[in-house]
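Engineer: Show me how the following folds:
(2 chains)
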Amino acid sequence: MILTEFKPIEEILLKLREEKKIFIIGCGGCPEGANTGGRDVLADMKEQLEKEGKTVTGILEIDFLCQKALIRSRIKPRFDEINNADSVLIFSCGIGVQSTAAVLNKICHPALNTTTFGGITGMWQGTERCDTCGNCILDYTGGICPYSSCPKKLENGPCAGQSNGKCETDPERDCAWELIYSNLKKIGRLDILDQFIPPRDYSKILPPAKLRKSKLWALDEEEMT
Amino acid sequence: MEELEKTTIEESKFEKALKSGKFTITSELGPPKGVDIEEIKDAAELLRDVIDGINVTDLQSSVMRLGSLTCCHFLKEWGFDPIFQVTCRDRNRLALQSDLMSAYAMGIRNILALTGDYTTTGDHPQACPVFDLDSVQLLWAIKTLEEGKDLAGNELTQKPSFFKGAVVNPGADTEASYELQIIKMKKKVSQGAQFFQTQAIFDAEVFKKFMERIHRENINVPVLAGIILLKSEKMANYMNKFVPGVFVPEAIIKKMEATQDKASMCIEIASTLINEIKPYCAGVHIQALGWERHIPAVVKNIK
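Structural biologist: Prediction:
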């Protein structure tokens, strides 16, 4: 399971300050197990956003948000509601936010921070990687994680080492910032790049011991004794 | 509460030159692989009274060497004006802030904030790449120290005050990387960058276009154009192949090929380029890569 925790509501409201209409997507996989997802959590967020004067154009729960094919098929019937929204708020791990952003032409705000992998991961078999750093900023970077995609983990733009869109560390590797730029350009939101992103809080990268527990870990321990 | 005392180191020679509007010239020295500082002194002496400031590289190309800060300190003692290059590759935010304060305590005011090359490009590819801050955040850290606080919000006993610069690459080769250079340059200005030194340029037209663009963007911070002293056609071909953002036009390579006297041609190419771009920038940053002895001749040719 991939473990997540809620971002503070203040942070979420700050992210959504320019936006009026929000569509909420939740992952029915790991977050349900970690109590950071599920019908009640999504309904509760809807209520909180409405209290702030926002319109929630719809709520959708998808079993495994790490599966792009699944997302594609499940969003089809809800396309109007999603299209109608200014942005999408996502309850999933960083992989789910990345794969949703890859499918939708909308800013995808993470509602959760991903803290650690514990036991079995979901059904994720794609190219996305999550750094489980507890500092999710995927909405500022067009759904491309600068921590897992850029070797230098650059948050405010590329270094000068890229050449023809490839990384200085490996000519086969796409420059993460090349992808970030093209994603944000595609959805007409290059303005987001003007924001200064402060350094990541590394104190959140070490999850507390209790978060490392999972059913599988318990089984491991059982087998050992 | 009492206002923190702002300590004052006198404005540096480099800063005065830039602020006076004079065409400002800097160069750079790479510390030796070893503990003998005579080497750097000899190179610096060739530049005495020729240029306004000397950058000292910070483990350039991720190769382990004597430290930038130490060499800056010696340069200062010998009467030069050093520009302390600081990269984010090898130090976390504690060490970066501490080194910045150490620099100030030693009277070093000029800082050039850089991201740094990746570790695997150097001679210690096994090393841990730190990159705790990026270059924009490093400028923010400097600004925060100048406000009398550290990045954790703790108060300092005194406020340092720096002359802060950053780099920009006018030769980015894709739409995304070019636009992102502009976006990042603006962020650097908003986080306190007071001057820019550019990646090496060889094509005056590319540079002019870049300068026109930044004027349209209302970026009004002095820019020193990066000039590399070209030693041979081999070096040009190597850079075209392996150094991102550097492009040596065919005409220049042909000129180099056609001559036996590489040094004279090197001086001619550099001076011609500088005179061509002079109306568009605040100065030049000359990277001599061992050919410091030819810098005085290049500078003499500037009209």
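Engineer: Indicate the residue of the stretch 1-150 of chain B located nearest to chain A.
Structural biologist: Going by CB to the nearest CB, chain A is nearest to residue B:136 of the stretch 1-150 of chain B, at 3.9 Å. C-beta: built from backbone N, CA, C; applies to glycine.
Engineer: looking at it, that residue is touching residue A:157, isn't it?
Structural biologist: Yes. Applying CB atoms under 8 Å, one finds residue B:136 in contact with residue A:157, separated by 7.1 Å.
Engineer: what residues do those two have in common as contacts?
Structural biologist: When contacts are counted by CB atoms under 8 Å, 6 or more residues apart in numbering or on different chains, residue B:136 and residue A:157 have B:184, B:187 as shared neighbours.
Engineer: in chain A, which segments are predicted with low confidence?
Structural biologist: Along chain A, segments meeting pLDDT under 70 span A:118-125, A:210-225.
Engineer: and it, which residues reach chain B?
Structural biologist: Within chain A, the residues that sit near chain B (CB under 8 Å from any CB of the partner chain) are A:151-165, A:168-169, A:175, A:177-178, A:181-182, A:185, A:190, A:193-194, A:196-199, A:202.
Engineer: can you map out the strands along the stretch 1-150 of chain B?
Structural biologist: Using DSSP state E, counting those that start in this stretch, the strands found in the stretch 1-150 of chain B span residues B:24-29, B:53-56, B:82-87, B:110-114.
Engineer: quick one: the helices in chain A?
Structural biologist: Ranges of helices within chain A are A:9-15, A:30-34, A:39-51, A:68-75, A:79-84, A:94-103, A:146-149, A:176-186, A:215-224, based on DSSP state H.
Engineer: Just the buried residues of stretch B:171-187, please?
Structural biologist: Across stretch B:171-187, burial judged by 16 or more other CB atoms under 10 Å in any protein chain shown covers B:171-172, B:174, B:176-187.
Engineer: Also near chain A: which of those, exactly?
Structural biologist: B:172, B:174, B:176-177, B:179-181, B:183-184, B:186-187.
Engineer: Is it possible to get JSON lines of those that adds distance to residue B:266?
Structural biologist: Converted to JSON lines, those look like this (distance: CB to CB, whole Å):
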{"residue": "B:172", "distance to residue B:266": "26"}
{"residue": "B:174", "distance to residue B:266": "30"}
{"residue": "B:176", "distance to residue B:266": "34"}
{"residue": "B:177", "distance to residue B:266": "29"}
{"residue": "B:179", "distance to residue B:266": "34"}
{"residue": "B:180", "distance to residue B:266": "32"}
{"residue": "B:181", "distance to residue B:266": "28"}
{"residue": "B:183", "distance to residue B:266": "35"}
{"residue": "B:184", "distance to residue B:266": "32"}
{"residue": "B:186", "distance to residue B:266": "35"}
{"residue": "B:187", "distance to residue B:266": "36"}
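Engineer: Narrow these to those in helices?
Structural biologist: Those of these mapping onto helices are B:176-177, B:179-181, B:183-184, B:186-187, per DSSP H.
Engineer: host element of the spatially most central residue of chain B?
Structural biologist: Nearest to the geometric centre of chain B sits residue B:197, at 5.2 Å (CA atoms, centre = their mean). Per DSSP states H and E: residue B:197 is located in strand B:195-200.
Engineer: wait, is residue B:192 part of a helix?
Structural biologist: No. Assigned with DSSP: H, G, I helix; E, B strand; the rest coil, residue B:192 falls outside any helix and is coil.
Engineer: ok, now which ones touch it?
Structural biologist: B:139-140, B:142-143, B:146, B:164.
Engineer: Pull out whichever of those residues are also neighbours of chain A.
Structural biologist: residue B:140.
Engineer: Now render the contacts of residue B:192 as TSV, adding neighbour count and pLDDT.
Structural biologist: Output for these, formatted as TSV (neighbours: other CB atoms under 10 Å in any protein chain shown; pLDDT from 0 to 100):
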residue	neighbour count	pLDDT
B:139	27	98
B:140	23	98
B:142	24	98
B:143	16	98
B:146	18	98
B:164	23	98
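Engineer: Closest to residue A:129 out of the contacts of residue B:192?
Structural biologist: Nearest to residue A:129 among the contacts of residue B:192: residue B:140, at 27.1 Å, using CB to CB.
Engineer: can you pull the contacts of the closest residue to the closest one other than its chain neighbours?
Structural biologist: Once flanking residues are discounted, residue B:140 sits nearest to residue B:191: 4.6 Å by CB to CB, 6 or more residues apart in numbering or on different chains. Contact analysis of residue B:191 by CB under 8 Å, 6+ apart lists A:196, B:136-137, B:139-140, B:143.
Engineer: burial of the spatially closest residue to residue A:12 that is not a sequence neighbour, as a residue count?
Structural biologist: Leaving aside its sequence neighbours, residue A:12 sits nearest to residue A:111 (CB to CB, 6+ apart; 6.0 Å). Residue A:111: 27 surrounding residues under other CB atoms under 10 Å in any protein chain shown.
Engineer: rewinding a little: deepest-packed of the helices of chain A, please.
Structural biologist: Sort these by mean neighbour count, taking mean count of other CB atoms under 10 Å in any protein chain shown, and helix A:94-103 sits at the top with a mean of 27.
Engineer: So which elements touch it?
Structural biologist: Applying 3 or more CB pairs under 8 Å, 6 or more residues apart in numbering or on different chains; DSSP states H and E, one finds that helix A:94-103 contacts helix A:68-75, strand A:87-91, strand A:107-110.
Engineer: Show me what the last one is packed against.
Structural biologist: Just to be clear, that refers to strand A:107-110. On a contact count with 3+ CB pairs under 8 Å, 6+ apart, strand A:107-110 meets strand A:87-91, helix A:94-103.
Engineer: Restricting to C-alpha, output that strand in PDB.
Structural biologist: Listed next in PDB are the C-alpha coordinates belonging to strand A:107-110 (Å, rounded to 0.1, in the frame of the first residue of the first chain):
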ATOM      1  CA  ILE A 107      -4.500  21.500 -13.500                       C
ATOM      2  CA  CYS A 108      -4.600  18.500 -11.100                       C
ATOM      3  CA  HIS A 109      -4.100  19.600  -7.400                       C
ATOM      4  CA  PRO A 110      -2.900  17.000  -5.000                       C
END
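Engineer: In its sheet, which strands sit next to that strand, and in what direction?
Structural biologist: strand A:87-91 (parallel) (DSSP bridges).
Engineer: okay, which residue is most central for chain A?
Structural biologist: Nearest to the geometric centre of chain A sits residue A:97, at 2.9 Å (CA atoms, centre = their mean).
Engineer: which residues sit in contact with it?
Structural biologist: Here residue A:97 is in contact with A:65, A:90, A:108, A:110, A:136, A:138-139, A:143 (CB under 8 Å, 6+ apart).
Engineer: ok, so of these, who is nearest chain B?
Structural biologist: Set against chain B, the nearest of the contacts of residue A:97 by CB to the nearest CB is residue A:143 (15.4 Å).
Engineer: count of neighbours near residue B:20?
Structural biologist: 9.
Engineer: what's the spacing between it and residue B:14?
Structural biologist: From residue B:20 over to residue B:14 the distance is 11 Å, taken as CB to CB, to the nearest Å.
Engineer: okay, residue B:243: pLDDT?
Structural biologist: At residue B:243, the pLDDT value in this model is 85.
Engineer: ditto for the one 5 residues further on
Structural biologist: Here, the pLDDT recorded for residue B:248 equals 95.
Engineer: Could you do the one 3 residues further on as well?
Structural biologist: Model confidence at residue B:251, given as pLDDT, is 95.
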